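Undergrad: Build the 3D model from these lines:
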Amino acid sequence: MPRPGISYYEVARAAEQLIASGHEPTIERIRMVLKTGSNSTIANHLRAWRNKQEITQQIASKEHLPEELVGVLKGLWERVMSQAESQIATIQGTAVQTNAELNQIIEQQQKENNRLLQSEAELKQSVYTLTQEKAVLEQMLSPAKTTIATLKSQIVGLEQKLNEKDLRIDELHKQNQQIQTNLEHYRSAMVEQRQADNLRNEEERRRLEKDIADLKLTNKTLDQEKNDLDKKLIKLQHAYESLLLQNDSNRQDYENIGLELNQTKLLLAQKNENCQHWQAQYEALSMESKAQIEKIMVLQTEIAMLNEQLSMLKSQLDETIEQNKLLANEKWILGQEKAQLMGELKQLHQSFLEKVAV
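TA: Next up, the predicted model:
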């Protein structure tokens with residue numbers, strides 16, 4: 001905190017010291033005694049001191065008091081006022097410093113509050129991202145369920161064909177057409193789904209680097225399963241064409257088809273396991289989302305505590321202001337006491353005159 005300028009009482013004490021040592025108080029000599037202060041400030045205080053000296057001499061002459069007594073009382077009063085003003089200046093400086101520290105703490109708390117709000121927004125964005133990922137996973141599982149249902153219906157149709165040879169050929173023609181139609185729809189849907197997955201995977205790569213490897217592995221597995229299913233369907237088509245060309249070996253071909261159907265069932269079981277794996281990942285993501293929500297609640301609690309601390313600091317600042325008011329009141333009381341002392345001094349002087357007259 002910078003040093004305040006010199007006061008009137010410092011200049012007055014320096015002037016009295018110079019007079020006591022037999023020197024005339026001047027601006028240069030007072031500056032040498034105090035070792036600080038500007039010439040203009042010293043000149044103003046010195047002029048006021050000389051005016052008071054003249055007033056003191058007038059009071060001494062008028063009241064028939066020794067000038068030394070008036071000077072002593074005046075010096076006593078000036079020292080009291082100097083100490084009071086020094087204490088007031090010290091308290092005011094402390095109050096200013098405390099106010100600055102409180103303002104700095106308030107600014108830091110506001111910055112911390114903004115950071116917590118930003119963290120809360122980021123956590124909300126993470127929750128929204130997890131919700132979007134959940135929707136994506138559900139969309140990825142939906143084509144697989146549709147494919148499983150389609151394959152199950154095809155298996156039922158093939159088992160019925162094995163029971164009746166004559167009706168089986170016509171039904172195979174119809175089912176072949178249906179299978180080709182479904183295959184085209186399935187392929188077009190998979191192409192669109194793959195394009196959408198590529199776009200979503202590009203966005204997810206920027207946000208969740210850890211999950212992208214699992215998603216890529218899952219996509220690769222799904223593509224492999226799709227290719228396997230396509231190969232199985234192609235084999236079924238070849239088997240159907242061979243049935244048309246070789247009616248005599250239909251029974252053996254149907255046995256081979258039965259084996260392939262069993263393998264297809266195994267693939268479907270594996271796909272069900274993959275679906276369960278995705279469900280488990282979804283549940284894990286839901287647990288992470290709940291944990292992040294709990295963190296948000298903890299951060300909100302900390303914000304409330306910081307706001308409470310800020311209120312306490314404001315209360316302390318108000319108390320400091322009240323103390324300044326009390327000090328100003330004490331200064332006024334000291335002025336009243338000064339007036340009372342002057343009255344008592346006059347009474348003493350009057351009593352002294354009466355005793356002298358007697």
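Undergrad: can you pull out the helices in the protein?
TA: For the chain, the helices defined by DSSP state H occupy 8-20, 27-34, 39-63, 67-163, 165-207, 209-245, 250-357.
Undergrad: Quickly compare these and say which is most buried.
TA: helix 8-20 (a mean of 18; mean count of other C-beta atoms under 10 Å). The C-beta positions use only the backbone N, C-alpha and C, and glycine is treated the same way.
Undergrad: Give me the helices and strands touching that helix, please.
TA: The elements that helix 8-20 packs onto, with contact taken as 3 or more C-beta pairs under 8 Å, 6 or more residues apart in numbering; DSSP states H and E, are helix 27-34, helix 39-63, helix 67-163.
Undergrad: For the first one, enumerate the helices and strands it packs against.
TA: Packing contacts for helix 27-34, counted by 3+ C-beta pairs under 8 Å, 6+ apart, involve helix 8-20, helix 39-63.
Undergrad: related to what we said a few turns ago, and the helices and strands packed on helix 8-20: which comes nearest residue 351?
TA: With respect to residue 351, and counting by C-beta to C-beta, the nearest of the helices and strands packed on helix 8-20 is helix 39-63 at 12.4 Å.
Undergrad: Could you give the average pLDDT over that closest one?
TA: For helix 39-63, the mean pLDDT works out to 77.
Undergrad: next one: stretch 146-154
TA: For stretch 146-154, the per-residue pLDDT averages 73.
Undergrad: Out of the helices and strands packed on helix 8-20, the one nearest residue 8 is which?
TA: Among the helices and strands packed on helix 8-20, if distance is taken as C-beta to C-beta, the winner is helix 39-63, at 4.6 Å.
Undergrad: Same list, the helices and strands packed on helix 8-20, but as JSON lines with distance to residue 279 please.
TA: JSON lines is the format used below for the helices and strands packed on helix 8-20 (distance: least, C-beta to C-beta, whole Å):
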{"stretch": "helix 27-34", "distance to residue 279": "87"}
{"stretch": "helix 39-63", "distance to residue 279": "85"}
{"stretch": "helix 67-163", "distance to residue 279": "8"}
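Undergrad: so where is the stretch 201-350 of the chain shaky, pLDDT-wise?
TA: 212, 215, 219, 240, 243-244, 247-248, 250, 254 (pLDDT under 70).
Undergrad: Throw the helices and strands packed on helix 27-34 into CSV and include distance to residue 102, thanks.
TA: Output for the helices and strands packed on helix 27-34, formatted as CSV (distance: least, C-beta to C-beta, whole Å):
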stretch, distance to residue 102
helix 8-20, 32
helix 39-63, 32
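Undergrad: what's the closest of those to residue 88?
TA: Ranking those by proximity to residue 88 (C-beta to C-beta) places helix 8-20 first, at 13.0 Å.
Undergrad: Just want the angle from that closest one to helix 67-163.
TA: Relative orientation of helix 8-20 and helix 67-163, computed by axes from the mean of the first three to the mean of the last three C-alpha atoms, to 10 degrees: 150 degrees.
Undergrad: Of the helices and strands packed on helix 8-20, which is nearest residue 266?
TA: Going through these one by one, with C-beta to C-beta as the measure, helix 67-163 comes closest at 11.9 Å.
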